[in-house]
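Peer 1: Provide a 3D model corresponding to the input given below.
(chains A and B)
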Amino acid sequence: MEDLTHVDRAMSTAQDIKISAKGVQVHYGDNHAIKDVNVEIDDKTVTAFIGPSGCGKSTFLRCINRMNDTIDVARVTGDIRIDGEDIYDPKVDPVQLRAKVGMVFQKPNPFPKSIYDNVAYGPKIHGLARNKADLDEIVEKSLRKAALWNEAKDRLASPGTGLSGGQQQRLCIARAIATAPEVLLMDEPCSALDPIATAQVEELIDELRQSFSVVIVTHSMQQAARVSQKTAFFHLGNLVEYDDTDKIFTNPQDPRTESYISGRIG
Amino acid sequence: MKTSLLASDARTKKRNAAEARFKAYGLSAIVVAMLALAILLTSVLTNGLSSFQQTFISLPIELAEERVDKQGNRDPAEMARTTTIGYAPLLRAAIVAEVERQGLTTELSDKDLGDMISKEAAATVRNRVLANPDLVGETITFDLLAAGRIDGYFKGRVTLETAALDGNTSPEALMVAQALADAGVIETKFNWNFFTAPDASVQRPEAAGLGVAILGSLYMMLVVLFLALPIGVASSIYLEEFAPKNRITDIIEVNISNLAAVPSIVYGILGLAIFINFMEFNQSSPLVGGLVLTLMTLPTIIISTRAALKSVPPSIRDAALGVGASKMQSVFHHVLPLAAPGILTGTIIGLAQALGETAPLLLIGMVAFVREYPAAYTPEAGLFGEASTALPVQVYNWTQRSDPAFVERASGAIITLLVFLLIMNAVAIYLRRRFERRW
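Peer 2: Residues are numbered from 1 along each chain as shown, chains lettered A, B, ... in the order given. Below is the predicted model of the structure:
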C-alpha cells in the first residue's frame, strides 16, 4: 500500500492528490442528489465547495467520511479514494475512516461534557494516548491549534456547552483535530457565528492548511475567496466548475458559475 | 373611514370576548378537577386517618405457671401446647381485677369485660411468653389491643346509641371503657401495627395491618424493576438506534403502542395461562405478580424510553460519529446519558402504575387471605415464590368486609398507597431535575 501511494504522488504534478472522486452518484430515495461528480482534492490545500442551497455540496462532503451511511435511504455509487484507497470498499470500517477524516458541523455541537472531555474523547476511543500525560498533551496541542488554549486553559473542567458560539465551534475543531486526521471536512462552519468569530475561525482554517487537507462548504462567496485555494461550484447536483479560486472568481468558464457569483442565481 | 385606536371595533370586541370565554372554560375545568380531587381526598382522609391511631388497654397480667406452663419445665415446646384459648382467662381476670381496682361498679359479666380486649391480645401475650419463658410466674404489664368496637368508640365511629343496637358491644361496656380511659388505663396511640402486622380475620379488624401487603408489593416492584427496566431499555435502544426502518419494525412499533392500551386484566389472564398453568409457578406469589406487572409495564417503559432517545438532538450523534465513535459508543457514551432522566421518569411512572394495579393480580390469586410473611427465598418455593398479597388488593379485600372498622382500614391502606405513589413521583421529578442537562 505504501508503495502505491508513492507512485500516486510521483504522478501528480504540482501538488499531492489527497482525495479523488470519480463518477460519484448519490440518491436519497427517489431524489438524485449528486450526479456524476468527478473531483480531485489536493493535500495541504483549502478547497471550498460553493453553490446555492440544495445543490448537493454538503451531501458530497458527507460522502467523504461516509456520514451518509447513517441515513437509511441514502445510496452512494461511484469511486472515492483517499490516498488511492477506495473508502467504500467493503473492507473499510467507517469508524476507522472517520478517525482519519475529521468533520466540523454547521451548528457547533460540543458534547455536554467538560472542555477537556470533549477534546479527549476521540483520542480515548482510538487509543491514541498511552497515559494521562499523553492525553493532556494531545488536548493542549489540539486546543492550541484551534486557537482556544488561552481562553480555555483555566476552565478545562467546565462544560463545553457554556462557551460562546465561536468558542464552541473552535472547540469542535479542536475535537476534530485531536484524533490526528489527515483530512478535515467543514460543513458551513461559520454560518452560526458572528463576524468576529467568523474571522477567527477563518484565520484558523488558514493555519490548519499546514497540516491537513481542508474541505469547506460555504454559502458565503467572500469566505470562499478569502480562505480557499481551490473552489468547486455545485449546481443542482452537478459539479459545474472546479478550478483555482482566483480563476473561479475572476474568470469563470461556465455561464452558470458567472451568474451565481454575480448574484443572478442562488 | 378613519378609525380611532382608542375605541375597539366590533371585530376586536368579538375576538376578545372569544378569548375571555375560552379562559373561563379552562378555569372552570380546573376548578371542577380540583373540587373532585378535594372531595376524594377529604373522604379518604376523614375515613382513613384514624387507622393510624389505635386504642390500647394497659393491663398487668399475672402469668400463672399452672396456666401457661403446666409441666413447669420452661420448655417452649411444651409451653406451646397451651393455645391462645388457654391464655384468654388470664386476660379476663386481669381486666376484671383492673375494673375493681379502679372502684368501678358495672353490671357487665366477666365475659363481657373480657370481650373488651381484642381476641388478638391473647396471641400477643402468648408470643411474648414463648419468646421469653422466664416471664412465667411474674406479673407483667402489657399494652393490649382493645376490641374493634371499643376502638371505634374512641374514634367516634361507635356511639352509645349504635352500641344499644349492636350484638358485639353494649352501652355499659362503652361507659366502663370511658371510665378506664379517664383513669389512664385505656390509651390511643400511634398504630405501628398497621404497617407491620399481617391481615387479620373478619372478627378482629383492630389487629389487621398492611405488613404482608407492603412486603408483597415491594417484592413485585423489585421483580418489575429488574426485568422491565433492562428489557425495556434494551429493546428501545435497539428499535430506536439500530433497527432498520422497514415494515417489520413498523408493525412492532404499532403493536407496542397497542399493548400499552390493552386492559390490564388481559395481562392477568395471560399470566394465569402461562406462568401458573404452563410454567407452574406458585399462585398468589409475588414472582408471578411481578412477571405479569412486568409485561404490563414494558410498553410504557419502551414508549417513554424511545421518546427520551428521540429527544436527544441528532447533532450529538453526528458529533460522536464524526470523531470516529462506533454506533454503540455513540449511543452508550452520549445518547443514553442524555436520555437517562427521561428513561428514569418513564420507568418510575411505569412502576407507580404497576404498584396501583389490582385487576391482573386478582386473576393470579393474590386476593388470598395471607397471615404469614412471605420469605424472599425458600428452597421449596424459590425466589419470591411464597403466597403474598399486594397493597391495592388489600384495599379491595378490606372494602368487601362488612365490619365498618374495615372501611377505616381500607381508607388507611389507600392513604398509604397514595403516599407511596407520591414518593415515587417525587423521586421521578427529583431525578429529572438532578440529571437534566442542557446542550
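
Peer 1: how about the residues of the stretch 151-266 of chain A near chain B?
Peer 2: Where proximity means Cβ under 8 Å from any Cβ of the partner chain, the interface of the stretch 151-266 of chain A facing chain B comprises A:T161, A:C172, A:R175, A:A176, A:A178, A:T179. The C-beta positions use only the backbone N, C-alpha and C, and glycine is treated the same way.

Peer 1: secondary structure class for the last one?
Peer 2: Using DSSP: H, G, I helix; E, B strand; the rest coil, the secondary structure recorded for A:T179 is coil.

Peer 1: what is the burial count for it?
Peer 2: 24 (other Cβ atoms under 10 Å in any protein chain shown).

Peer 1: what do you get for the first one?
Peer 2: A:T161 sits with 19 neighbouring residues when counted by other Cβ under 10 Å.

Peer 1: ok so, going back, ok, of the residues of the stretch 151-266 of chain A next to chain B, which one's closest to B:F278?
Peer 2: Distance to B:F278, by Cβ to Cβ, is smallest for A:T161 among these, at 52.6 Å.

Peer 1: from A:D243, how far out is that closest one?
Peer 2: If you measure A:T161 against A:D243 using Cβ to Cβ, to the nearest Å, the figure is 40 Å.

Peer 1: got it, and A:Q169?
Peer 2: Computed as Cβ to Cβ, the A:Q169 to A:D243 distance reads 29 Å.

Peer 1: the two: which is more packed in?
Peer 2: More crowded of A:Q169 and A:D243, by other Cβ under 10 Å: A:Q169, with 31 against 16.

Peer 1: so how far is A:P159 from the more buried one?
Peer 2: Using Cβ to Cβ, which is the criterion applied here, A:Q169 is 16 Å from A:P159.

Peer 1: go on, B:S326?
Peer 2: Plainly put, B:S326 is 25 Å away from A:P159 if you go by Cβ to Cβ.

Peer 1: how about the secondary structure of B:I57?
Peer 2: Classification of B:I57 by three-state DSSP places it in strand.

Peer 1: hang on, it packs against B:L180?
Peer 2: Yes. With contacts defined as Cβ atoms under 8 Å, B:I57 counts as touching B:L180 at a distance of 7.1 Å.

Peer 1: quickly find the element holding the residue lying closest to A:T77 once chain neighbours are set aside.
Peer 2: Excluding the flanking residues, the one nearest A:T77 by Cβ to Cβ, 6 or more residues apart in numbering or on different chains is A:Q25, at 4.7 Å. Using DSSP states H and E, A:Q25 sits in strand A:17-28.

Peer 1: return the distance of that strand from the chain's centre.
Peer 2: For strand A:17-28, the distance from its own C-alpha centre to the chain's C-alpha centre is 15 Å (Cα atoms, centre = their mean, to the nearest Å).

Peer 1: quick one: contacts for the most centrally placed residue in chain A?
Peer 2: In chain A, the C-alpha closest to the average C-alpha coordinate belongs to A:L185, at a distance of 0.9 Å (Cα atoms, centre = their mean). The neighbourhood of A:L185, defined by Cβ atoms under 8 Å, 6 or more residues apart in numbering or on different chains, consists of A:L61, A:R62, A:I64, A:N65, A:V101, A:G102, A:M103, A:V104, A:V215, A:I216.

Peer 1: now with 7 Å?
Peer 2: Going by Cβ atoms under 7 Å, 6 or more residues apart in numbering or on different chains, A:L185 touches A:L61, A:I64, A:N65, A:V101, A:G102, A:M103, A:V215.

Peer 1: for the fifth one, name its beta-bridge partners.
Peer 2: Residues in a beta bridge with A:G102, per DSSP bridges, are A:L184.

Peer 1: any buried residues in the lengthiest helix in chain B, and which?
Peer 2: For chain B, the helix with the greatest residue count under DSSP state H is helix B:10-48. By 16 or more other Cβ atoms under 10 Å in any protein chain shown, the buried positions in helix B:10-48 come out as B:V44, B:N47, B:G48.

Peer 1: that one - what's its average pLDDT?
Peer 2: In this model, helix B:10-48 has a mean pLDDT of 95.

Peer 1: same question for stretch A:39-50.
Peer 2: The model assigns stretch A:39-50 a mean pLDDT of 92.

Peer 1: can you give me the strands for the chain?
Peer 2: Picked chain A for this. Ranges of strands within chain A are A:17-28, A:31-42, A:46-50, A:74-82, A:85-86, A:101-104, A:183-187, A:213-217, A:230-235, A:238-244, based on DSSP state E.

Peer 1: I was thinking of chain B, sorry if that wasn't clear
Peer 2: For chain B, the strands identified by DSSP E occupy B:53-62, B:139-145, B:186-190, B:377-378, B:382-383, in order along the chain.

Peer 1: contacts only, for the closest residue to chain A within the stretch 151-300 of chain B.
Peer 2: Taking Cβ to the nearest Cβ, chain A has its nearest neighbour within the stretch 151-300 of chain B at B:K245, 5.6 Å off. With contacts taken as Cβ under 7 Å, 6+ apart, B:K245 has the following neighbours: A:D72.

Peer 1: the stretch 201-350 of chain B against chain A: which residues are in contact?
Peer 2: Where proximity means Cβ under 7 Å from any Cβ of the partner chain, the interface of the stretch 201-350 of chain B facing chain A comprises B:244-245, B:315-316, B:318-319, B:321-326, B:329, B:334, B:338.

Peer 1: most neighbours among those residues, which one is it?
Peer 2: B:V323 (29 neighbours).

Peer 1: for it, give its distance to A:D83.
Peer 2: The spacing between B:V323 and A:D83, counted by Cβ to Cβ, is 20 Å.

Peer 1: tell me where the model's unsure across the stretch 151-266 of chain A.
Peer 2: Applying pLDDT under 70 to the predicted model, the residue ranges of the stretch 151-266 of chain A that meet it are A:265-266.

Peer 1: typed the wrong thing, it's chain B
Peer 2: Judged by pLDDT under 70, chain B has its weakly predicted residues at B:1, B:437-439.

Peer 1: and A:A10, what pLDDT?
Peer 2: Looking at A:A10, its pLDDT stands at 41.

Peer 1: residue boundaries of the helices in the stretch 251-400 of chain B?
Peer 2: Taking DSSP state H, counting those that start in this stretch as the criterion, the stretch 251-400 of chain B carries its helices at B:264-271, B:286-310, B:314-322, B:327-330, B:336-355, B:359-363, B:391-399.

Peer 1: tell me the most buried of those helices?
Peer 2: Greatest average neighbour count among the helices of the stretch 251-400 of chain B goes to helix B:286-310 (a mean of 24), per mean count of other Cβ atoms under 10 Å in any protein chain shown.

Peer 1: quick one: list the elements packing against that one.
Peer 2: helix B:211-237, helix B:247-260, helix B:264-271, helix B:336-355, helix B:359-363 (3 or more Cβ pairs under 7 Å, 6 or more residues apart in numbering or on different chains; DSSP states H and E).

Peer 1: now that helix: how far from the chain's centre is it?
Peer 2: Relative to its parent chain, helix B:286-310 has a centroid offset of 20 Å by Cα atoms, centre = their mean.

Peer 1: can you check stretch B:416-425 too?
Peer 2: When C-alpha coordinates are averaged (Cα atoms, centre = their mean), stretch B:416-425 and its chain have centres 9 Å apart.

Peer 1: cool, thanks, talk later.
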